[in-house]
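Trainee: below is the sequence, then the predicted model.
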Amino acid sequence: MGDEDGDDALVRTDTLPALRSARVRVKLAVLSGPDAGRVYPLTPGRYRVGSEPSADIVLPDRAVSRQHLLLEVRDNLVRATDPGSRNGSFCEGMRFSELEVRPGATLTLGTTELRLVAEGEKSKAPPLSTRTSFGGLVGSSRRMREVFTLLERMTQQGESDVLIQGETGTGKELCAEAIHTHGSRGKGPFVIADLAGIPPQLLESELFGHVKGAFTGAQGERAGAFERAHGGTLFLDEVGELPLEVQPRLLRVLERRQVKRVGANDYRTFDVRVVAATHQDLEGAVKQGRFRGDLFHRLAVLRVVLPPLRERPEDIPLLIDTVLSRLGKPPSALSEVTRALLTQYPWPGNVRELRNVVDRVVSMGEEALPEMPDLPEAPPRARSSQDEEDDESTLSLALDLPFKEAKERLIEGFERDYLRNLVERCEGNVSRAAREAGIDRVYLRKLLRKHGLDSGGP
Ligand SMILES: Nc1ncnc2c1ncn2[C@@H]1O[C@H](COP(=O)(O)OP(=O)(O)OP(=O)(O)O)[C@@H](O)[C@H]1O
């Protein structure tokens, strides 16, 4: 829900005059954002936080919704509720819709960081994790270190269920494994249920189990994924694919922490941490009625959002080295030129795609790199000021390299830009393009193939 259409979602609640005069126990300190440095004393009552001028705590931050958060203060305990802000609310990097916040916690709304400070305590930002890996996840960017800070907390404190969101190939499964192995259940089972891969008619029996004869083909009794994960973690992958009709049953199971096998009458208790993942916009699915809101909130008690690789290109060198070492190759297996090229792609398939490309370059040799058929190429487009910035970065990158590599790099870049423009101008007609460029058609085809621009046209 955006703030434009969510005006009714947050109703102003009158403050409680008797309690307002109570002794101040907590303060809300603005750590970063346009209003950094401000401190709000919080006496018991309810506070509307947002960018609209009539909010109780006004945050003049363009990324903050007009009615972004509701804080309900009782002594030094604060309940924070996000009524559906556009950009979401985060606590220690974890997205939440409702949360009990204790002094010391940091909330992030848009670009503003707020810290709940107990009386007498000085406000300071929590330290960002210094790790460059967590379980199998690797990354040194600020975004990934925020994820690691969050995972450290999730695995050291509490056992709440977790929802992991992120595009395909961003490491959701690795993240679920890391939550399992680093938490107190690490010695228990880690069971994966890929909800997209189970035929709909078998979903309930896969998840909840069945008794003998429950349906045709049920020749024996079988425990479902929840029971098999007892004492450990159940990873519900692609939870957004769960059919609507099965969703109420999953919700009941999650709330009761008990499961009834298909065809059985008795309930079995299980002790499982549920970690669900999806690449879908589940909030959007809830709005469209494809996913139940109550189930979404139940799954998303804690939330991790894995950033796509294009938003953290500084992680690419470390990821390349990680992939190389997993392949048993030294960092020198890829030249600086190849690395420079790899950091410039947008990686729609994220780390999985990067892994596949590095794997292919290692086995086929670097000469093969530009000819890789599925290297992501930006579609031809009009030149913009961004292109000029890109040119500048290409140049400064090339100037740092040894002469031969720098020359090779610049020629590659020139060829790619020239060919993209040519193909666009000639609407993909290779004969015409060869004429216009004044080069041989066979040679042009070879060049187009080399840059992945060959569409197989005339
Ligand atoms: N941060 C990372 N560090 C190291 N390897 C990673 C990272 N993220 C992903 N990978 C690697 O990328 C591949 C895909 O990761 P994973 O299967 O966990 O992604 P996913 O988000 O679950 O993908 P999908 O949504 O398509 O199932 C794996 O080989 C994994 O090891």
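Mentor: Thanks, I have the structure now.
Trainee: CA atoms for contacts and neighbours, from now on please.
Mentor: Fine.
Trainee: low-scoring stretches of the protein, by residue?
Mentor: 1-24, 33, 76, 93, 120-127, 366-407, 410, 455-458 (pLDDT under 70).
Trainee: now it against the ligand: closest residue?
Mentor: Gly171 (3.2 Å; Cα to the nearest ligand atom).
Trainee: give the contact list for that residue.
Mentor: Counting by Cα atoms under 8 Å, 6 or more residues apart in numbering, Gly171 touches Leu137, Leu306, Val351.
Trainee: ok, and which of the residues you listed reach the ligand?
Mentor: Leu137, Val351 (Cα under 6 Å from any ligand atom).
Trainee: now, which of the contacts of Gly171 lie within helices?
Mentor: Judged by DSSP state H, helices contain the following of the contacts of Gly171: Val351.
Trainee: of the contacts of Gly171, buried ones?
Mentor: Leu137, Leu306, Val351 (16 or more other Cα atoms under 10 Å).
Trainee: closest to Ser54 among these?
Mentor: Within the buried ones among the contacts of Gly171, the smallest distance to Ser54 is 34.2 Å, found for Leu306 (Cα to Cα).
Trainee: identify the residue nearest the closest one in space, chain neighbours excluded?
Mentor: Gly166 (4.9 Å; Cα to Cα, 6 or more residues apart in numbering).
Trainee: was I right about Ala333 contacting Val362?
Mentor: Yes: counting by Cα atoms under 8 Å, Ala333 does reach Val362; the two are 6.9 Å apart.
Trainee: list the buried ones in the helix or strand where Glu146 lies?
Mentor: Glu146 is part of helix 142-156, with elements assigned from DSSP states H and E. The neighbour-count check on helix 142-156 (16+ other Cα under 10 Å) flags 142-152, 154-155 as buried.
Trainee: determine the set of other helices and strands touching it.
Mentor: helix 172-182, strand 302-305 (3 or more Cα pairs under 8 Å, 6 or more residues apart in numbering; DSSP states H and E).
Trainee: quick check: angle from that helix to helix 172-182?
Mentor: Between the axes of helix 142-156 and helix 172-182, defined by axes from the mean of the first three to the mean of the last three Cα atoms, to 10 degrees, the angle is 40 degrees.
Trainee: quick one: helix 142-156 near the ligand?
Mentor: No: applying Cα under 6 Å from any ligand atom, one finds helix 142-156 out of contact with the ligand, separated by at least 7.7 Å.
Trainee: let's see that helix as PDB, backbone CA atoms only.
Mentor: Provided in PDB are the C-alpha atoms of helix 142-156 (Å, rounded to 0.1, in the frame of the first residue of the first chain):
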ATOM      1  CA  ARG A 142      27.500  -2.000   2.900                       C
ATOM      2  CA  ARG A 143      24.200  -3.700   1.800                       C
ATOM      3  CA  MET A 144      25.500  -7.200   2.400                       C
ATOM      4  CA  ARG A 145      27.100  -6.200   5.700                       C
ATOM      5  CA  GLU A 146      23.700  -4.900   6.800                       C
ATOM      6  CA  VAL A 147      22.300  -8.300   5.900                       C
ATOM      7  CA  PHE A 148      25.100 -10.000   7.900                       C
ATOM      8  CA  THR A 149      24.400  -7.700  10.900                       C
ATOM      9  CA  LEU A 150      20.800  -8.800  10.700                       C
ATOM     10  CA  LEU A 151      21.600 -12.500  10.300                       C
ATOM     11  CA  GLU A 152      24.000 -12.300  13.300                       C
ATOM     12  CA  ARG A 153      21.100 -11.100  15.400                       C
ATOM     13  CA  MET A 154      18.600 -13.500  14.000                       C
ATOM     14  CA  THR A 155      20.800 -16.500  14.800                       C
ATOM     15  CA  GLN A 156      22.000 -15.400  18.200                       C
END
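Trainee: which residues touch that helix?
Mentor: 92-94, 128-134, 138-139, 179-180, 182-184, 304-307, 312.
Trainee: one more time with 6 Å, if that's ok
Mentor: Helix 142-156 is contacted from outside by Glu92, Gly93, Ser129, Ile179, His182, Gly183, using Cα atoms under 6 Å, 6 or more residues apart in numbering.
Trainee: much appreciated, bye for now.
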